[in-house]
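Enquirer: Pasted the sequence and its predicted model underneath.
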Amino acid sequence: MRPMMDSVDEKIIQLLQKNARTSIKDIASQVFLSSPAVTARIDRLEKIGIIRGYHAQIDPEALGYRIKAFVNLEMEPSKKTEFYAYIENVPNVIECNCVTGDYAMLLQVEFWNTNELDHFVNELQRFGKTKTQIVFSTSVEHRNLPIRNPEEKAAAFA
C-alpha cells in the first residue's frame, strides 16, 4: 500500500526526479512552503523509503562503454545463492532482475567492446544457458515515474 502523500509531496518528488540538485529554496518557492517545511517533507519521504537516493545520470558512451546488452540466463534455483554472490561483484551489470518466463534472470550490462561482453557471457554460462541481445539504439531512456494518486491510476486503467 502506498504511504500517504499529498499533492505537495508529489510535486516535490517530481521536481527532484527532474533534477535532484534542485535547491531546497527553489523547491520551496514552487510548492509555496518554507525551506524548513520542504526539508522536513523530504526527510519524511526518505525515511518512509519513497526517496531512496540521489544519483548523477551518466552517459555510458561518453565513458567508452559502446556495448549495451540484455542477457537472459536460464538457471536452476539451486544456483541462485552462488549466482547472486558472483553478479554482485560484476560492475558492468547495471541491473539484474529475477523474472518469469523461459529464463530466470534478466541482466542489463554495459561493456567497452564485444570482446568484453563475450568474456562475461562465457563466465555467466557456468550458471546456465544464456541468450544475449545487443542494443542498437534506445528510443526511450530511463525516465521518471509518473506520480498519480490512486483515483487517477484507477481512471487511467478503466
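Expert: Cool, the structure landed. If you're wondering where the values come from, they're calculated on a predicted model, not measured in any experiment.
Enquirer: pLDDT averaged over stretch 54-63 - what is it?
Expert: Stretch 54-63 shows an average pLDDT of 90 in the prediction.
Enquirer: Please apply the same query to stretch 127-142.
Expert: 94.
Enquirer: Would you mark the buried spots in it?
Expert: Across stretch 127-142, burial judged by 16 or more other C-beta atoms under 10 Å covers 127-128, 130, 132. Heads up, the C-betas are built off the backbone N, CA and C, glycines and all.
Enquirer: Compute the first-to-last residue distance for that stretch.
Expert: For stretch 127-142, the first-to-last residue distance is 29 Å (C-alpha to C-alpha, to the nearest Å).
Enquirer: can you list the residues that contact stretch 43-57?
Expert: With C-beta atoms under 8 Å, 6 or more residues apart in numbering as the test, stretch 43-57 has contacts from 3, 5, 9, 12-13, 16, 20, 42, 142.
Enquirer: do stretch 85-98 as well
Expert: Contact with stretch 85-98 is made by 104-111, 116, 120, 127, as judged by C-beta under 8 Å, 6+ apart.
Enquirer: ends of it, how far apart?
Expert: This stretch, stretch 85-98, spans 14 Å end to end (C-alpha to C-alpha).
Enquirer: Go through it and flag the buried ones.
Expert: Within stretch 85-98, the residues scored as buried using 16+ other C-beta under 10 Å are 92-93, 96.
Enquirer: With stretch 45-54 instead?
Expert: In stretch 45-54, counting by 16+ other C-beta under 10 Å, buried: 45, 50-51.
Enquirer: Write a ChimeraX command that selects only the buried members of the contacts of stretch 85-98.
Expert: Typed into ChimeraX, the line below selects the buried ones among these, using 16+ other C-beta under 10 Å:
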select :104,105,106,107,108,109,110,111,116,120,127
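Enquirer: For the contacts of stretch 85-98, work out which two are farthest apart.
Expert: Ala104 and Glu116 (23.3 Å; C-beta to C-beta).
Enquirer: Can you show me the CA trace of stretch 107-121 as CSV?
Expert: The C-alpha trace of stretch 107-121 is given here as CSV (Å, rounded to 0.1, in the frame of the first residue of the first chain):
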residue,chain,number,x,y,z
LEU,A,107,20.6,-8.6,-16.8
GLN,A,108,21.3,-5.2,-18.3
VAL,A,109,25.0,-4.8,-19.0
GLU,A,110,27.4,-2.2,-20.5
PHE,A,111,30.8,-3.0,-21.9
TRP,A,112,33.5,-1.2,-23.9
ASN,A,113,33.5,-3.8,-26.7
THR,A,114,32.1,-7.1,-27.8
ASN,A,115,35.2,-9.0,-26.6
GLU,A,116,34.5,-8.0,-23.0
LEU,A,117,30.8,-8.9,-23.5
ASP,A,118,31.8,-12.3,-24.9
HIS,A,119,34.1,-13.0,-22.0
PHE,A,120,31.3,-12.1,-19.5
VAL,A,121,28.7,-14.3,-21.2
